[in-house]
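Enquirer: Need coordinates for the following:
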Amino acid sequence: MSPAGGSRNTKRKVKRMRIVYMGTPEIAATILERLLAEPYEVVLVVTQPDRPKGRGKAMACSPVKELAVSRDIPAFTPEKLRLPENVEVIREADPDMIIVAAFGQILPKSVLDIPKWGCINVHASLLPKYRGAAPIQWSILDGEQETGVTIMYMNEGLDTGDILLQQEVPIAADETGGSLHDKLAIAGAEALVRAIPGILDGSLTPVPQGEMTTPYAKQLTKEMGRLDFSWDAAKLERYIRGLNPWPGTFSFRDGQMLKIWRAEVCVDSVEEAPEPAEKEVLPGTVIAADRDSFTVQTGCGRIRITEVQPEGKRRMSAEEYLRGYRLAEGTVLGAPGEEV
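Expert: Next up is the predicted model:
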């Protein structure tokens, strides 16, 4: 893909390149803040409309809009970007480049064709892996040891454009969705500011993506957080980390929701051959309750739970929970509760 009116090898001296920035959540705000430190002019921010948030359902703006307002940058919040009158707002901003990071809407061709230097996307995976809405969390859920960010040209497909630059980020053994989000936000911001000069001087060569090697990273839902103790211990531990902080994982105890925030695999229980009696232990059964944790049988191995949140209460260590909520061995977690 070449910018309209020129080839990749054409050098163009840009004093104050005009950028329209499209993004919505915290990761996009982190990237925008880094971009604003560069010698470019962000002339317009496009983000999702204000939404009800919290228990009181008060209207709240996106992190990107909040940052834009604080920097006196016009913020445009279309419900449907593809409508002709909304496309015209982008056209009137006269951008040299459009930069997109977790915007939340697909850009129509009428928008993709506007900027001279194309539409650039910051995606939180090493494409073609984890195309889709939730690449950060799915890389943990699937047990990947490495992920990263991709800077790419956008086309009419979903995360299918030519790759310009990638940066790898290792996934730590105790990585959560939240901690990996923060790492990738910083990596994405730095990769973007490295990529822009290479786009302008033609030193970055776009590379077509290969075949997708993982399923689409589908949108997260609250129901995904319901733990199934018939899974093996390693999968349960990955879900507890990967869905932290949102939507969070949970089970039920005596009909009350119990959120599970932190846990670890009892390695010996996975490596050892189970005794005949252990085969009869129902997954979800509490087999030990110590001073600072409790251990639960799974479909394969056991998991030690160290941080929880009882229904209607704050997060707390398992030690604190066990002081206030007696948990007898033999208690079974996972009884059906109300739908979330």
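
Enquirer: what ranges of this structure fall below the confidence cut-off?
Expert: Confidence mapping of the chain against pLDDT under 70 gives the ranges 1-15, 269-279, 335-340.

Enquirer: The longest strand anywhere in it pairs with which strands, and in what direction?
Expert: Counting residues, the longest strand found in the chain (DSSP state E) is strand 256-266. Strand pairing for strand 256-266, determined by DSSP bridges: strand 249-253 (antiparallel), strand 302-310 (antiparallel).

Enquirer: Export it to CSV, keeping only CA atoms.
Expert: Extracted C-alpha coordinates of strand 256-266, given in CSV (Å, rounded to 0.1, in the frame of the first residue of the first chain):
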residue,chain,number,x,y,z
GLN,A,256,-23.2,-16.9,47.2
MET,A,257,-20.8,-15.6,44.6
LEU,A,258,-17.1,-15.9,45.5
LYS,A,259,-14.7,-14.1,43.2
ILE,A,260,-11.3,-15.7,42.9
TRP,A,261,-8.5,-13.2,42.3
ARG,A,262,-5.3,-15.1,42.9
ALA,A,263,-4.3,-18.7,42.9
GLU,A,264,-1.4,-21.1,42.1
VAL,A,265,-1.2,-24.6,40.8
CYS,A,266,-0.1,-27.3,43.3
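
Enquirer: And it, what's buried?
Expert: 257-266 (16 or more other CB atoms under 10 Å). Quick note: C-beta positions are derived from backbone N, CA and C, even for glycine.

Enquirer: Among those, which pair sits farthest apart?
Expert: 257 and 266 (24.1 Å; CB to CB).

Enquirer: in what helix or strand does the closest residue in space to residue 153 that isn't next to it in sequence lie?
Expert: Using CB to CB, 6 or more residues apart in numbering and skipping the chain neighbours, the partner closest in space to residue 153 is residue 161 (4.3 Å). Using DSSP states H and E, residue 161 sits in no helix or strand.

Enquirer: Then residue 137?
Expert: Per DSSP H and E: residue 137 is located in helix 135-141.

Enquirer: Show me what that helix is packed against.
Expert: Under the contact criterion of 3 or more CB pairs under 8 Å, 6 or more residues apart in numbering; DSSP states H and E, helix 135-141 touches strand 146-153, helix 177-201, helix 233-242.

Enquirer: could those go into CSV alongside distance to residue 121?
Expert: Shown next, in CSV, are the helices and strands packed on helix 135-141 (distance: least, CB to CB, whole Å):
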stretch, distance to residue 121
strand 146-153, 5
helix 177-201, 10
helix 233-242, 23
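
Enquirer: which residues touch the most centrally placed residue in the chain?
Expert: Compute the mean C-alpha point of the chain, and by CA atoms, centre = their mean the closest residue is residue 136, 4.1 Å away. If a contact means CB atoms under 8 Å, 6 or more residues apart in numbering, then residue 136 has 124-125, 147, 177, 180-181, 184 as its contacts.

Enquirer: Try it again at 6 Å.
Expert: 124, 180-181 (CB atoms under 6 Å, 6 or more residues apart in numbering).

Enquirer: likewise residue 169?
Expert: 147-148, 183, 187.

Enquirer: hmm, 10 Å instead?
Expert: Listed by CB atoms under 10 Å, 6 or more residues apart in numbering, the contact partners of residue 169 are 124-126, 139, 146-149, 175, 180, 183-184, 186-188.

Enquirer: ditto for residue 28
Expert: Counting by CB under 10 Å, 6+ apart, residue 28 touches 21-22, 45, 47, 62-64, 67, 99-104, 122, 185, 188-189.

Enquirer: Is it located within a helix, as I assumed?
Expert: Yes: the assignment for residue 28 is a helix, going by DSSP: H, G, I helix; E, B strand; the rest coil.

Enquirer: ok, for it, nearest residue in space, not its chain neighbours?
Expert: Using CB to CB, 6+ apart, the closest residue to residue 28 is residue 101 (4.2 Å).

Enquirer: The one you found contacts residue 122, doesn't it?
Expert: Yes: using CB atoms under 10 Å, residue 101 is in contact with residue 122, at 4.2 Å.

Enquirer: what do these two both touch?
Expert: 23, 27-28, 31, 35, 149, 185, 188-189, 192.

Enquirer: tell me which of these is nearest to residue 214?
Expert: residue 149 (15.8 Å).

Enquirer: how far away is the closest one from residue 137?
Expert: Between residue 149 and residue 137 the computed distance is 15 Å (CB to CB, to the nearest Å).

Enquirer: In terms of neighbours, single out the busier of the two.
Expert: Comparing residue 149 with residue 137 by other CB atoms under 10 Å, the one with more neighbours is residue 149, at 30 against 27.

Enquirer: What sits closest to the more buried one if chain neighbours are left out?
Expert: Excluding the flanking residues, the one nearest residue 149 by CB to CB, 6+ apart is residue 188, at 4.3 Å.

Enquirer: could you list every residue that touches that neighbour?
Expert: When the contact criterion is CB under 10 Å, 6+ apart, the partners of residue 188 are 27-28, 30-31, 34, 101-102, 122-124, 148-151, 167, 169.

Enquirer: Residue 316: which of these is nearest?
Expert: residue 27 (28.4 Å).
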